[in-house]
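**Student:** Make a model of this:
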Amino acid sequence: MQTVKMGPAPSAAVANHGIPASGIPALPRLERLREAILAAPYGLCTQKAELMTEAMRVEAPQSRLAKHLAPLHFDALRKALEDNLASGAPVERWQLQMSKRLQELWLRLDQRAQTQPLVVSFAKALAHTLARAELQIHADELLVGNPTRHRVGAALHPDYGGMLLMPELDRLDARAVNPMRTTPGQRWRLEHEVFPFWFSRSVMARGPLFAADLELPNKLTEGRRFVLTQFAGISHVTPDFPRVLELGFVGIREQLREARRDARSDEQAAFYEAGEIVASAVIEFGARWSRRCADEARRLEPSDPARAAELRELAQILARVPAHPARSFHEALQSVISTWVAVHQESFQHGVSFGRVDQYLWPYYERDLAAGRIDRARAVELLGCVLAKASEQLPLFNQMATEFFSGLSSASGLTLGGTTNHGATGADASNELTSLWLLAYDRMRLRQPNLHLRLHERSPRALRELAFEIIGRGGGQPALFNEAQIIPALRELGVSDEDARNFSIVGCVEWGVPYSSFPAAGAGFISLPAVLDEVLREPTLRSHVALSSLMATIWSAFCERLAETVCEAVAGNDAIERAHAQCRPTPLLSILVDGCIEAGRDVTQAGARYDSTGIQGVGLADVADSLAAIEELVVEQGRLSLAELMRAVDLDFRGHDQLRSRLVEKVPKYGQDHGRPERWAAEVARAYAEELRRHRNPRGGPYAPGFWSMTTHVGFGARLGALPSGRAAGRPLANGVSPTNGADSRGPTASLLAVTGVGGAHVSNGLALNESLDPQLAGGPTGAALVDALTRGYFAAGGMQVQYNVIDVNELIDAKRYPDRHRGLVVRISGYSAYFNDLTPTMKDELIARASHGRPGAQVSTEGAL
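**Tutor:** Numbers count the residues shown, from 1 in each chain. Below you'll find the predicted structure:
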């Protein structure tokens, strides 16, 4: 991968979409915006935490008894949390019992002290936050709206899982990976005002109250068998931006008022009242921004009249949107950004996505272009400003979570291309705006948002050429999705044909219905190799099973243990979802998801038209390779017994170097298209999907299986011993549905075809295939044609998704040694891209290993690097 060089888009591909052959000229504004974002230090933002706490002290005050007694519980809880996260030791059972009883007491006291519906309290708290949040205007931007107080920042959400940061606050700005700037004042307010108010009211605190399993808090921080994420906040959703553009928040507020007049219960009336409050708050938020831009224009008029004119135009735009329907392309983009920023003041900043942007923005662009109000260069400039805004926000993770979610992706996704959702088969839906989004990304080359391109048999050649040439320059975007396989998977989940054909990607790779679903697509991750490890540690299995029935016995035990693990993870997630439903409504998001206003219910209470929960299986290739190794070496060749193999595994292969070499180098691996490992991978994937889909979530929707990992494969791997595949203890597991590192030794065609058996209609929450390619192979027009051919063959064989990491392994090694030379180096992780410098050392090594394709020495050559 080459460090990003800004330059014109490929002219041949551009011309075929009606753009002049000269392409888009240089856009210095976007270059300056990009450099400013890359140079910005990361900062912790406590604005929402402080303002919401301030409001909730008034709207939902603590009882007198809680004010006196809760501080004692808070001090004890803080000590237990510090001990648990520092040592990894579980909290003692008696402590869990006492904490649960006290939390039940605080909940009862809160309910008795409640003076208004909780949804109204949170609506007023959000209105308070939007009315007082700092409004920052940065140089060069043509769209305004700062998600945090920092140019690039991470907001803390104490009402969800923010307390997990408490033990690390004093060293947050000095940690080796992803330091966040903090101030002594911030830390004092969090420790003395914010956390003491929320420690008994957050979703993290209330979740265990809805769980039958007393050990749930320990399981949430164990990180060996599964991790659950929704205590951090609800996310992975696509708000109804098209409705905002069509009606504005004034129109949405009128819908709420009409619905309130016909409310059938007190709960519905409260929901509509809360909706009116937040709609009015967003209207005033836009008006505040209009005044702010006008004030800044007056200030700059004497010294910079050109910039002052831009800000006066923004003031006029914000006087119109998001309150009223958008009329122009610029108004539409600003309305989307204003709404997106407001939503992020309510909940956790992860996976809130933009939907099919080239579809719902097309009418505004087409009209402006025809009327001469905009040209293509200006459109790319505006789209680049959208991409810049999406990159200003970070998720906030503690040290443990950084292992599992390295790279600081907020995972906001935008979807391009595809077909229409009407007619027998749907016509191609791509348009000139599809290409302009890709061109804007090519100019910005920031780590996010995630660009997702829907492909089908009739996708225009010019669009494919443009996409593949951009992919060939590195960065891993856009990711590619096969409509022919994804639409049936959504139908299998219960989605109507029309809605399935309108799918967009939410977050990393999760396909779903935009604007009308609450998919909770990133709710959890399960380590499949940990399940196999527990099975193979059974002494009876190792020593007393006949060879003729060994694989059947292992498989039966694996499926049984898998069912138990899935049940545990589902039960834990159900408890968290119930805590959301009863303790943390989200009125703004709810009025932006179709179905909620009609039902008069929050998204957390089954208000959306479609409800589901996604939990991912991680380490698929490791299980397949391990089962294949046992079958070949123990059952078929009889080289050793299962007990002998597992003794070597227990010793992490110390003293068994020859055996490990055979396992790693001689035994066929998933991704080499030999047959046996691929068959096991398909069996494991289907077994996991079937087991998860037996369950329903508390909102009444299905659990949806996926196979993508973010960097949970690193976190799970660090907590797992060696495996029969030859994988050493502590090493990362395979990411997504990709082969293990080095197993793709037979080239991309073999690894792509190997994956086709894993996907299918049973995979309803996405999968991620990371395919690493050498830049000498994939770069330039010739490389683009090759990547196009690979993709066509893979999709024709049944592939669902692929993302290409065009990586120069030597550049990665140099970037690890000399990070300052590679500030803007963007790499693909698993469903999202990240700056290489933001990754943990382990994840950097894992990417280097991926790019080496099994070549020896790549790992060693990074020794001594920082």
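**Student:** CA only for contacts and neighbour counts going forward, please
**Tutor:** Will do.
**Student:** average pLDDT across the helix or strand containing Q95?
**Tutor:** According to DSSP states H and E, Q95 maps onto helix 93-113. The average pLDDT within helix 93-113 is 91.
**Student:** Tell me which helix or strand comes right after it.
**Tutor:** Counting by DSSP H and E, the next helix or strand C-terminal to helix 93-113 is helix 118-132.
**Student:** any idea how far the helix or strand just after that next one is from the chain center?
**Tutor:** For helix 118-132, the following helix or strand on the C-terminal side (DSSP H and E) is strand 152-155. Remark: strand 152-155 is offset 16 Å from the chain centroid, using C-alpha atoms, centre = their mean, to the nearest Å.
**Student:** contact partners of strand 152-155?
**Tutor:** 37, 40-48, 147-148, 349, 391-396 (C-alpha atoms under 8 Å, 6 or more residues apart in numbering).
**Student:** Show the buried residues in those residues.
**Tutor:** Buried members of these, scored by 16 or more other C-alpha atoms under 10 Å, are 37, 42-48, 147-148, 349, 391-396.
**Student:** what's the helix holding Q95 packed up against?
**Tutor:** helix 64-87 (3 or more C-alpha pairs under 8 Å, 6 or more residues apart in numbering; DSSP states H and E).
**Student:** Show me the contact partners of the helix it packs on.
**Tutor:** 89-91, 99, 102, 106, 109, 164, 166-167, 196, 199, 221, 400.
**Student:** quick one: average confidence on that helix?
**Tutor:** Mean pLDDT, computed over helix 64-87, is 80.
**Student:** same thing with stretch 153-171?
**Tutor:** The average pLDDT within stretch 153-171 is 92.
**Student:** What is the distance between it and the centre of its chain?
**Tutor:** 19 Å.
**Student:** swap in stretch 769-782?
**Tutor:** For stretch 769-782, the distance to the chain centre is 25 Å (C-alpha atoms, centre = their mean).
**Student:** Could you do stretch 536-554 as well?
**Tutor:** 39 Å.
**Student:** That stretch: which residues count as buried?
**Tutor:** Result for stretch 536-554 [16+ other C-alpha under 10 Å]: buried residues 536, 541-542, 547, 550-551, 554.
**Student:** could you dump the contacts of helix 64-87 to JSON lines with secondary structure, neighbour count and distance to L228?
**Tutor:** Below are the contacts of helix 64-87 laid out as JSON lines (DSSP: H, G, I helix; E, B strand; the rest coil; neighbours: other C-alpha atoms under 10 Å; distance: C-alpha to C-alpha, whole Å):
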{"residue": "A89", "secondary structure": "coil", "neighbour count": "13", "distance to L228": "18"}
{"residue": "P90", "secondary structure": "coil", "neighbour count": "18", "distance to L228": "17"}
{"residue": "V91", "secondary structure": "coil", "neighbour count": "16", "distance to L228": "18"}
{"residue": "S99", "secondary structure": "helix", "neighbour count": "20", "distance to L228": "20"}
{"residue": "L102", "secondary structure": "helix", "neighbour count": "16", "distance to L228": "24"}
{"residue": "W106", "secondary structure": "helix", "neighbour count": "21", "distance to L228": "24"}
{"residue": "L109", "secondary structure": "helix", "neighbour count": "16", "distance to L228": "28"}
{"residue": "L164", "secondary structure": "helix", "neighbour count": "22", "distance to L228": "14"}
{"residue": "M166", "secondary structure": "helix", "neighbour count": "17", "distance to L228": "19"}
{"residue": "P167", "secondary structure": "helix", "neighbour count": "18", "distance to L228": "20"}
{"residue": "P196", "secondary structure": "helix", "neighbour count": "22", "distance to L228": "24"}
{"residue": "F199", "secondary structure": "coil", "neighbour count": "25", "distance to L228": "19"}
{"residue": "T221", "secondary structure": "helix", "neighbour count": "20", "distance to L228": "9"}
{"residue": "M400", "secondary structure": "helix", "neighbour count": "17", "distance to L228": "13"}
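**Student:** now, which of the residues you listed sits nearest P117?
**Tutor:** Taking C-alpha to C-alpha as the measure, P117 lies nearest L109 of the contacts of helix 64-87, at 14.9 Å.
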